[in-house]
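>>> can you look at this prediction? I've put the sequence above it.
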Amino acid sequence: MTAHQVLALEPFLNNQAATTPENLGDGRLNVWRNSLPAQSAPLEIVVDGVPLRSARLDGRGPDNVLCAGQRIEVPGRRWDWLYVIGCGERRVRDTVTWHFRDGTVDRDHFALSDLWEGRSDFGEELALRTDVIHYPFHVQERIGITLWCQRVPVTSRKPLSAVSLPRNPAVHLFAMTLVGHQTGSAA
């Protein structure tokens, strides 16, 4: 059996990606302060049977993690994959750092496609595509923003205790879910 652990990102939310027409200038999805249109509910999707859920995207405050090396504690056990919803400012390649219960660390490659192009360059699944993009002073029709679902392998079989995100301001994460085998099942 497969186990899923949706990670609570609320303590780490440090950036606002969604805005309303009333607060366009609050958006910070990229260096040009573009943003995506606010949604009435959090983004909830299932990819490969894995549930992912974002924070609220209502345009009223921080809703994503701008990666700055944050260390996120996780339930201490063996995990196989980390699924994320995110986007990059341009295509981004970086690493995540795994911290294991025995004190060792490991790193795995991590890549996300551009929020602008709407084209998956690294095999991601589409998580959200908008019909418009918010600029700081206007709403632009026929140009949208794309959020992606990507997965990162946890290549070590040791019990995990935390994950450190890259130090890369071009990486925005909206949701994270760990996937592994159910305790007591065959590995």
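Cool, got the structure. Residues are numbered from 1 along each chain as shown.

>>> return the distance of the longest strand anywhere in the chain from the chain's centre.
Determined from DSSP state E, the single longest strand within the chain is strand 167-181. Between the centre of strand 167-181 and the centre of its chain there are 4 Å (C-alpha atoms, centre = their mean, to the nearest Å).

>>> for it, which helices and strands make contact with it?
Counting contacts by 3 or more C-beta pairs under 8 Å, 6 or more residues apart in numbering; DSSP states H and E, strand 167-181 packs against strand 2-6, strand 50-53, strand 65-68, strand 71-77, strand 81-88, strand 92-100. Glycine gets a C-beta too; all of them are placed from N, C-alpha and C.

>>> just the angle between it and strand 71-77, please?
Comparing the axes of strand 167-181 and strand 71-77 via axes from the mean of the first three to the mean of the last three C-alpha atoms, to 10 degrees yields an angle of 10 degrees.

>>> got the angle for strand 167-181 vs strand 2-6?
Interaxial angle, strand 167-181 versus strand 2-6 (the same axes, to 10 degrees): 150 degrees.

>>> in strand 167-181, what counts as buried?
When burial is assessed from 16 or more other C-beta atoms under 10 Å, strand 167-181 yields the following buried residues: 168, 170-180.

>>> relative to T146, which of the helices and strands packed on strand 167-181 is closest?
The minimum distance between T146 and the helices and strands packed on strand 167-181 falls on strand 81-88, with 6.5 Å, by C-beta to C-beta.

>>> can you spell out which helices and strands pack onto the closest one?
strand 50-53, strand 105-112, strand 146-153, strand 167-181.

>>> what's stretch 174-183 in contact with?
Identification of contacts with stretch 174-183 by C-beta atoms under 8 Å, 6 or more residues apart in numbering yields 1-7, 9, 17, 43, 50-55, 57, 63-65, 72, 74-75, 77-86, 127, 147, 154, 160, 187.

>>> quick check: L9 touching A55?
Yes - when contacts are counted by C-beta atoms under 8 Å, L9 is listed as touching A55 (6.2 Å).

>>> the helices and strands packed on strand 167-181 into a markdown table, with extra columns for distance to N34?
Listed next are those as a markdown table, based on distance: least, C-beta to C-beta, whole Å:
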| stretch | distance to N34 |
| --- | --- |
| strand 2-6 | 27 |
| strand 50-53 | 23 |
| strand 65-68 | 14 |
| strand 71-77 | 26 |
| strand 81-88 | 11 |
| strand 92-100 | 16 |
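
>>> please identify the most buried of these.
Counting by mean count of other C-beta atoms under 10 Å, strand 81-88 has the highest mean neighbour count of the helices and strands packed on strand 167-181, with a mean of 24.
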